[in-house]
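> Model the following, please.
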Amino acid sequence: MSDKRRAKQIYDRWKSGLINLDKSYNNISNNFDNLFFELYSASVVFDVAEDFIKDATAAHMPSLPIAKRTYSVMSSKTTKHATFNEFYKSWKDGITDKAKNSFYSFFSLEGDEEEEKKFGSMSKQEYTKQRKYAEQFPPLDINAIPDDPIGDMDFDLDDLGGDYE
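Modelled structure (predicted):
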């Protein structure tokens, strides 16, 4: 299955479940996190996932009647926004910003890609640091170790003291 098709299925499932989620301003980030985490877990590439920011944002936008009703309630409590248009623009910008923040918390920018792992799970830089640290110790000569290292020790349990019966 292609990345676009898999991403579209994940988005459609998220959008259909959005009606059951809390879409209040404080929970918007969690809703976007759910979508982008699923896309990230499905190994959808950056470019394909980025196309869904606009759709996810649009799915979260309040309808005009809801925005007007909210504005009338908010305008009686505060004078932060002088007009409905300022209020509505601020609300939409906040949702867009939260969507982008959530997206970039799961998908790094293309220039910030993780360094390629060439030596097992280590990058070349990590491997070089490890080798430099390890080479400061003298090499171990396996042949210098006696065949029976404990056999050279001569001791008796009675000499140690204590009750070992």
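
> top helix in the chain by residue count?
If you go by DSSP state H, the chain has its longest helix at helix 84-106.

> Format the CA atom coordinates belonging to that one as CSV.
Extracted C-alpha coordinates of helix 84-106, given in CSV (Å, rounded to 0.1, in the frame of the first residue of the first chain):
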residue,chain,number,x,y,z
PHE,A,84,-15.7,39.5,15.2
ASN,A,85,-13.3,39.3,12.2
GLU,A,86,-10.3,39.8,14.5
PHE,A,87,-11.6,37.2,16.9
TYR,A,88,-12.3,34.7,14.2
LYS,A,89,-8.9,35.3,12.5
SER,A,90,-7.1,34.8,15.9
TRP,A,91,-9.0,31.6,16.5
LYS,A,92,-8.2,30.2,13.1
ASP,A,93,-4.5,31.2,13.4
GLY,A,94,-4.3,29.5,16.8
ILE,A,95,-5.7,26.3,15.4
THR,A,96,-3.3,26.4,12.5
ASP,A,97,-0.3,27.0,14.7
LYS,A,98,-1.3,24.1,17.0
ALA,A,99,-1.6,21.8,14.0
LYS,A,100,1.9,22.8,12.7
ASN,A,101,3.5,22.5,16.2
SER,A,102,2.0,19.1,16.6
PHE,A,103,3.2,18.0,13.1
TYR,A,104,6.7,19.2,13.6
SER,A,105,6.9,17.5,17.0
PHE,A,106,6.6,14.1,15.2
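
> How about residues contacting that helix?
25, 28-29, 32-33, 35-37, 39-40, 49-50, 53, 56-57, 60-62, 67-68, 70-71, 74-75, 81 (CB atoms under 8 Å, 6 or more residues apart in numbering). Every C-beta, even on glycine, is put in place using the N, C-alpha and C of the backbone.

> in the protein, what spans have low per-residue confidence?
Residue ranges of the chain with pLDDT under 70: 1, 78-81, 110-119, 149-165.

> tell me the domain boundaries of it?
Domain segmentation of the chain under automatic domain parsing yields 3-112, 117-160.

> Out of the ones you listed, which one sits most buried?
Of all the domains of the chain, domain 3-112 has the most neighbours on average by mean count of other CB atoms under 10 Å, namely a mean of 15.

> Now find how far off-centre it is within its chain.
17 Å (CA atoms, centre = their mean, to the nearest Å).

> So which elements touch the helix or strand harbouring Lys129?
For Lys129, the host element (DSSP states H and E) is helix 124-134. The helices and strands touching helix 124-134, judged by 3 or more CB pairs under 8 Å, 6 or more residues apart in numbering; DSSP states H and E, are strand 117-119.
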